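J.: need a 3D model of the following:
(chains A and B)
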Amino acid sequence: MTIDKKEFQKAPLSSSIIGIIMVIVVEMMFFGGLISAFVLAQAGQVDWPPANQPRLPFWLTFGNMLILLFSAFTLYKFLKNLKEENKDKNTLFLLTIVLGSIFFMIQGYEWVRILLFGLKTGRGLFTSFFYTIIGLHGFHVFIGLILLSFVYNVIRKSDDIHKIKNYAWTAGLFWFFVVLLWPVLYYLIYWV
Amino acid sequence: MNTHKKHGFWHRFFFSLDHKDIGFQYMLTIFLMVSIGGFFAYVFRMHLAYPDMKVPLFGLVTNKDYNMLITNHGLIMMMWLALGMLLAVAGNFLIPIMIGTDDMAFPKLNKISYWFFLISVILMIASFFMKRGGFGGGWTMYPPLSVGDFGYNTPYKSFADRFFTANTFVLLAITFEFISLLMGGINFFVTTLNKRAKGMTLTRMPMTVWMINIASVLFMFSVGPLIAGAFMLLLDINVGTGFYDAYRGGDPLLWEHLFWFFGHPEVYVILLPPLGFLADIISNNSRKPLYGYRFILNLTLIAAILSMMVWAHHQFVSGIDPRAATIFSIFTIIISLPFAGIILAYIATIWKGNLRLSLPMKWALGSVTLFTLIGGFTGLYLGAAVFDIYAHNTSFVVAHFHYTLFPTVIFGSYAAFYYWFNKFTGKELNKFWGNVHFWLTFIFFNGFAFPLFLLGLAGQQRRIADYRQFEFLMQDPLPLYRKIATISAVILILSQFIFIINFFWSMKKGKKVSSENPWQSNTLEWQTSSPPPHGNFETYPVVYHGPYEYNHPDREKDFLPQNEK
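T.: Residues are numbered from 1 along each chain as shown, chains lettered A, B, ... in the order given. Here you go, the predicted structure:
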């Protein structure tokens, strides 16, 4: 059954974009809960991060953050240039996926190193929060990458510019959320 | 557009994409959960009135059993009955058809959301059968009770030992259920925004649609912190992170904040959909336009925002700062104002109306009366920290929240069942047994819940399995009150079988509906055949009026369907 759009009231935005905005609202409240728990826990401690345990890699992660931010920039450029005549130029979109994957892999490498240095869970609140929050963000990056790859496939195969725009913006909004969340987490966990 | 064809059992109950089928799947699943929750209530009420008796169908209730029973009764009724019935069932049945469309915006997501719901139900039921017994840490799951091996005496040995505990399973069940409700809520919201029939502007939508949507959005804004908290609790149980472990620098109060930041808005998530049904039913049965449509909407939005700022009134006895308690008290008392306004608007709708005391109207009036006069007013007392500190862990609170939840969730759902049953099945419910059901429920609900106020003020604690050690609780007339409450509760539970039998019997063998619009209602769902075909309408309707145009002076009929010029 095909639905003739003329049968309905005019829609403000496409369904999938409204859907993803709702998802982002939930995610913001979710990370808001984690972050406020973290900030409150931190406020109750004397030495933070606790002494006698491995430091977190400040500069490596800073560089990694720049990579992630750049991936958002390439995605933004791609979405801005998305018009009928240049819909085949999806290098920028591919670049976003590549940069995101690099971020993900560097994070994984970092985790392995930190674990080898002996920063294990069960040693206290700081490590618990570190692994929970950063792990959950990493999980969201992973989901975002899957979404982007799926959309990349659609972009390559489809000719319908409206469909491409819809898919790209839906995955893109989620990616923007994931990327813009990272500086906040970096500031709170690595910097302070 | 009508592609209706008969499908088999598996299709109808597992793979259907039709919103009415999915609503029906939800409904049956919830009936199962409610019968479990109701059975638990029966067992521990019997135990409270007759402590040494072997409860029929259960046996002797040990202290551990008692904890497990009240915990799971609360969890099932709050999470699966209230949220499930009022968001998932009502939203699925009513939203697409009331806004004049064929189905949800994302039918597949809708189906998946039911599957998640089913998984959550299975996990929840599985949690009763864990080696260490069902979860007994209270429905609010406060740590350290929900984290450790408290009361089990044998420490955990391995990861599997920790994972296969009722704590873990209950948390997983809740997580799955919330994912399901989130997908459902997104679906409702998107459907309402993007698939309304031509001419159905936002302020022409029936109140039910508005309320379910506001409730869904409120749910989305409040549920995040709870999911975060539940995730941390899962890690605490299974990995040993220690977020809530004071010994390792964590804070058990953190859970209470995260839980109630969701838990209090949830109360309004539960309250709003029944308020929507009541608006439709009261306006229809008073044959008058709903008083103050925009007024009610604005008040609801104000209440939704305020509801995010009152959560700590559940924690007055948990050791929060008394200065903070004052602020939360003030907000709690302020939030009763918008709801008072909404109830006043309903009373103004009834005022000088041409009343029809049909069954749904009886449930609606019962709901408004009990909710406002007893549930709402005792809420004002409890909102003030000075009183709450004395009443908090007594059955006064139990009576209060049963008087708020029962009239809204149960009476509201019944009003909706009796109102919309003939639309979705094409059959009529038996009126005589409907009346018997209503009066038994109304009388014995009061008989069950009102003595709890008196017991609570006399000092009966809320979560103590064996109160006989306290002599003051054994003095007359308290044992009598406990017996009245228990016997009423048993009759209340038994009288629900009248409805269940009436429901399924009428669905199979009931009288066919005489007309498609027996209540002479304006909203779109009554302007199609009963039961509606797959796709709901033969042709998409076009809307010209608001939903409450009853007794229009220029009209001969006393109603004016939304799709009639």
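
J.: top helix in chain A by residue count?
T.: The single longest helix within chain A, with elements called by DSSP state H, is helix A:125-157.

J.: likewise for chain B?
T.: For chain B, the longest helix by residue count, based on DSSP H, is helix B:252-286.

J.: quick one: low-confidence ranges for chain A?
T.: Along chain A, segments meeting pLDDT under 70 span A:1-6, A:84-88, A:118-123.

J.: residue numbers of it in contact with chain B?
T.: Among all residues of chain A, those adjacent to chain B (criterion: CB under 8 Å from any CB of the partner chain) are A:1, A:3, A:7-9, A:11-15, A:18-19, A:22-23, A:25-34, A:36-37, A:40-41, A:44-45, A:121-122, A:124-125, A:128-129, A:131-132, A:136. Bear in mind the C-beta positions are built from the backbone N, C-alpha and C, glycine included.

J.: of these, grab the buried ones for PyMOL.
T.: For selection in PyMOL, the members of these meeting the burial criterion (16 or more other CB atoms under 10 Å in any protein chain shown) are listed in this command:
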select buried, chain A and resi 7+8+9+11+14+15+18+19+22+23+25+26+27+29+30+31+33+34+36+37+41+121+124+125+128+129+131+132+136
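
J.: which strands or helices does the longest helix of chain B pack on?
T.: Packed against helix B:252-286 by the contact rule (3 or more CB pairs under 8 Å, 6 or more residues apart in numbering or on different chains; DSSP states H and E) you find helix A:15-43, helix B:90-98, helix B:207-238, helix B:293-306, helix B:322-350, helix B:359-370, helix B:395-405, helix B:412-425.

J.: try it again with 7 Å
T.: Contact partners of helix B:252-286 among helices and strands, from 3 or more CB pairs under 7 Å, 6 or more residues apart in numbering or on different chains; DSSP states H and E: helix A:15-43, helix B:207-238, helix B:293-306, helix B:322-350, helix B:359-370, helix B:412-425.

J.: now render these as JSON lines, adding distance to residue B:381.
T.: Supplementary listing: the helices and strands packed on helix B:252-286 in JSON lines, determined by distance: least, CB to CB, whole Å:
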{"stretch": "helix A:15-43", "distance to residue B:381": "31"}
{"stretch": "helix B:207-238", "distance to residue B:381": "25"}
{"stretch": "helix B:293-306", "distance to residue B:381": "19"}
{"stretch": "helix B:322-350", "distance to residue B:381": "10"}
{"stretch": "helix B:359-370", "distance to residue B:381": "16"}
{"stretch": "helix B:412-425", "distance to residue B:381": "23"}
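
J.: burial check on the nearest residue to residue B:500 once chain neighbours are set aside, number of neighbours?
T.: Counting by CB to CB, 6 or more residues apart in numbering or on different chains, the nearest residue to residue B:500 once its immediate chain neighbours are dropped is residue B:31, at 7.3 Å. Residue neighbour count, defined by other CB atoms under 10 Å in any protein chain shown, stands at 14 for residue B:31.

J.: follow-up on the earlier one: quick check: angle from the longest helix of chain B to helix B:395-405?
T.: In terms of direction (axes from the mean of the first three to the mean of the last three CA atoms, to 10 degrees), helix B:252-286 departs from helix B:395-405 by 40 degrees.

J.: how big is the angle separating helix B:252-286 from helix B:359-370?
T.: Using the same axes, to 10 degrees: helix B:252-286 against helix B:359-370 is 130 degrees.

J.: which parts of helix B:252-286 are buried?
T.: For helix B:252-286, burial by neighbour count (16+ other CB under 10 Å) applies to B:252-286.

J.: show me which residues of the stretch 151-300 of chain B sit near chain A.
T.: The stretch 151-300 of chain B comes close to chain A at residues B:182, B:186, B:189-190, B:193-198, B:200, B:220-221, B:223-225, B:227-229, B:232, B:235, B:239-243, B:248-251, B:254, B:258, as judged by CB under 7 Å from any CB of the partner chain.

J.: flag the shaky bits of chain B, pLDDT-wise.
T.: In the predicted model of chain B, residues B:1-7, B:148-156 satisfy pLDDT under 70.

J.: backbone dihedrals for residue B:198, both of them.
T.: Torsion angles at residue B:198 (phi, psi; degrees, to the nearest 10) stand at phi -60, psi 130.

J.: I'd like the distance between the residue lying closest to it once chain neighbours are set aside and residue B:108.
T.: Here the nearest residue to residue B:198 in space, its sequence neighbours aside, is residue B:542; by CB to CB, 6+ apart that works out to 4.8 Å. Counting by CB to CB, to the nearest Å, the gap from residue B:542 to residue B:108 is 28 Å.

J.: more neighbours: which of the two?
T.: Neighbour comparison, residue B:542 and residue B:108: the larger count goes to residue B:542, with 15 against 9 (by other CB under 10 Å).

J.: got a list of what that one touches?
T.: For residue B:542, the contacting residues are B:197, B:198, B:199, B:563, taking CB atoms under 7 Å, 6 or more residues apart in numbering or on different chains as the criterion.

J.: the residue nearest to the spatial centre of chain A: which element?
T.: Closest to where the C-alpha atoms of chain A average out (CA atoms, centre = their mean) is residue A:178, at 2.2 Å. In this structure, residue A:178 is located in helix A:161-185 according to DSSP states H and E.

J.: quick one, that helix and helix A:15-43 angle?
T.: Compare the direction of helix A:161-185 with that of helix A:15-43 by the same axes, to 10 degrees and you get 0 degrees.

J.: which secondary structure elements does helix A:161-185 sit against?
T.: Here helix A:161-185 is seen to pack against helix A:15-43, helix A:58-81, helix A:125-157 when contacts are counted using 3+ CB pairs under 7 Å, 6+ apart.

J.: the nearest residue to residue A:90 once chain neighbours are set aside: neighbour count?
T.: Computed as CB to CB, 6+ apart, the closest residue to residue A:90 that is not its neighbour in sequence is residue A:155, at 5.3 Å. Counted with other CB under 10 Å, the neighbours of residue A:155 add up to 21.

J.: residue A:91 is in contact with residue A:155, correct?
T.: No. Applying CB atoms under 7 Å as the test, residue A:155 and residue A:91 come out as separate, 11.2 Å apart.

J.: give the contact list for the residue of the stretch 1-150 of chain B found nearest chain A.
T.: Of all residues in the stretch 1-150 of chain B, the one sitting closest to chain A is residue B:105 (4.5 Å; CB to the nearest CB). With contacts defined as CB under 7 Å, 6+ apart, the neighbours of residue B:105 are A:15, B:187, B:190, B:191, B:194, B:195.

J.: re earlier: what angle do the longest helix of chain A and helix A:161-185 make?
T.: Between helix A:125-157 and helix A:161-185, the angle formed by their directions is 160 degrees, by the same axes, to 10 degrees.

J.: how about the nearest residue to the residue in the stretch 301-450 of chain B that chain A sits nearest to, chain neighbours excluded?
T.: Relative to chain A, the nearest point of the stretch 301-450 of chain B is residue B:308 (10.1 Å; CB to the nearest CB). On the basis of CB to CB, 6+ apart, the spatially nearest residue to residue B:308 that is not a chain neighbour turns out to be residue B:265, at 5.9 Å.

J.: how close does that neighbour get to residue B:338?
T.: For residue B:265, the distance to residue B:338 under the criterion CB to CB works out to 14 Å.

J.: wait, doesn't residue B:76 sit right on residue B:36?
T.: Yes. Counting by CB under 7 Å, residue B:36 is a contact partner of residue B:76 at 6.1 Å.

J.: counting neighbours, go ahead and name the busier of these two.
T.: The residue with more neighbours, out of residue B:76 and residue B:36 and counting by other CB under 10 Å, is residue B:76; that gives 25 against 18.
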